[in-house]
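# Have a look at this fold, sequence not included:
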Ligand SMILES: [Zn+2]
Ligand SMILES: [Zn+2]
């Protein structure tokens, strides 16, 4: 799979870059004519890997630009597919990087991948993942590239109130954590254009980073309220095609979260279960790769439901996996 570039509006190009992930074939970077019209603002980067930077260069050329035309690099969040090539881009273009300051979920992980992997294994064991598949998963992970070329710190913190200047006018920054603690969306009010990163995608596809903030699902829902209030006419998402019916997508995401939350409570029924036990009941049977993804989401749902008073965790003092039960069930036992 090779990169592609399409002009979606005068002065805005979709740069479609390949990804090595099952079910997610590419990621979008967005090139926007710069404020002084002598270059571009690049939003997001594509993932780092063999030949990835050359592929970005080649794809950017299709828009009539080169890496040296990048006057400013902005990342919607610090996941590898949106931030992975930040270091070589900044180096080659001599431009600034703007990114939200809560990027430790990636930068700390990338600075000490061994420790990060150990922590994930601890969380998985605590969630009831049996030893054998866990060992196999960890072994595969150990050989995997983290997908970022190098850690690069932002020159400017991309927080609420910051404006990104472009040839289409300024884009406002709105913090939308939940998918990742560092997530922001950009909104151009005159044209009502939204660059949504992974917060809002054409096809509902939930993911939340677990373990960095108290309740990523609640943060994600608050971010949907923020986006709804903007009244965007066209959304330029992090994956897939641009789409117009932004409000319908906000509603679909809320419904998906409500449905999965209810499915989690229903799956618990009158029993106690680990997060691992619940995954196939809520998401269906999955392979190892998808299992890790689904377990992360399940833990986020359980934490969200716990804070809403609908479920509670049952910790055992002997280090056995944590179990969960519905709050009604807990009440019935008293
Ligand atoms: Zn992401
Ligand atoms: Zn992404």
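On my side now, so go ahead. These numbers were taken from a predicted model, which means no experiment stands behind them. Ligands and ions are numbered 1, 2, ... in the order given.
# only C-alpha atoms for contact and neighbour calcs from this point on.
Will do.
# How many neighbouring residues does residue 260 have?
16 (other CA atoms under 10 Å).
# Okay, now the unreliable bits of the stretch 201-334 of the chain?
Applying pLDDT under 70 to the stretch 201-334 of the chain picks out residues 329-334.
# So which residues of it form helices?
Applying DSSP state H, counting those that start in this stretch to the stretch 201-334 of the chain gives helices spanning 216-230, 246-268, 275-283, 288-307, 327-333.
# Tell me which of the ones you listed sits nearest to residue 153.
helix 216-230 (23.5 Å; CA to CA).
# Tell me how far residue 38 lies from residue 212.
Distance of residue 38 to residue 212, computed by CA to CA, to the nearest Å: 40 Å.
# Kindly indicate whether the spatially most central residue of the chain is helix, strand or coil.
Nearest to the geometric centre of the chain sits residue 179, at 4.4 Å (CA atoms, centre = their mean). At residue 179, secondary structure determined by DSSP: H, G, I helix; E, B strand; the rest coil is coil.
# which one is it nearest to, not counting chain neighbours?
Nearest non-adjacent residue to residue 179, counting by CA to CA, 6 or more residues apart in numbering: residue 208, 4.1 Å away.
# hang on, the one you found packs against residue 178?
Yes - counting by CA atoms under 8 Å, residue 208 touches residue 178, with 5.6 Å between them.
# Give me the more crowded residue out of those two.
In this view residue 208 and residue 178 are compared by other CA under 10 Å, and residue 178 has more residues nearby, 27 against 24.
# Give the buried residues for stretch 96-115.
Residues 96-103, 105-107, 109-110, 113 are the ones in stretch 96-115 that count as buried (16 or more other CA atoms under 10 Å).
# Tell me the one among these nearest to residue 303.
Of all the buried residues of stretch 96-115, residue 303 sits closest to residue 105, with 18.2 Å by CA to CA.
# roughly how far apart are the closest one and residue 234?
From residue 105 to residue 234 the distance is 29 Å (CA to CA).
# Could you find the closest non-adjacent residue to residue 24?
Residue 24 sits nearest to residue 239 (CA to CA, 6+ apart), 8.0 Å away.
# Ramachandran coordinates for that neighbour?
Residue 239 adopts backbone torsions of phi -140, psi 140, taken as degrees, to the nearest 10.
# now residue 79
Dihedral angles (degrees, to the nearest 10) for residue 79: phi -70, psi 150.
# For the closest residue to it other than its chain neighbours, which residues are in contact?
Leaving aside its sequence neighbours, residue 79 sits nearest to residue 106 (CA to CA, 6+ apart; 6.5 Å). Residue 106 makes contact with 78, 79, 80 under the criterion CA atoms under 8 Å, 6 or more residues apart in numbering.
# how about 10 Å then?
Residues near residue 106 by CA atoms under 10 Å, 6 or more residues apart in numbering: 77-80, 83-84, 113, 116, 146, 148, 151, 180-182.
# Distance of the residue nearest to residue 179 relative to residue 202?
Distance from residue 208 to residue 202, by CA to CA: 17 Å.
# And for residue 169?
25 Å.
# which one of these two has more residues nearby?
Between residue 169 and residue 202, counted using other CA under 10 Å, residue 202 has the larger neighbour count: 19 against 16.
# just checking, the residue nearest to residue 79 is part of a helix?
Yes - per three-state DSSP, residue 106 lies within a helix segment.
# That one and residue 238: what is the separation?
Separation of residue 106 from residue 238 (CA to CA) stands at 17 Å.
# Ok, residue 228 next?
18 Å.
# rewinding a little: ok, the buried residues of stretch 96-115 vs residue 301, which is closest?
Among the buried residues of stretch 96-115, and counting by CA to CA, the member closest to residue 301 is residue 105, at 18.9 Å.
# For the closest one, which residues are in contact?
Residue 105 sits in contact with 78, 79, 116, 180, 181, 182, 209, 210, 211, 212, where contact means CA under 10 Å, 6+ apart.
# check contacts around the second one.
Read that as residue 79. Counting by CA under 10 Å, 6+ apart, residue 79 touches 44, 46-47, 103, 105-107, 146-148, 179-180, 182-183, 198, 209.
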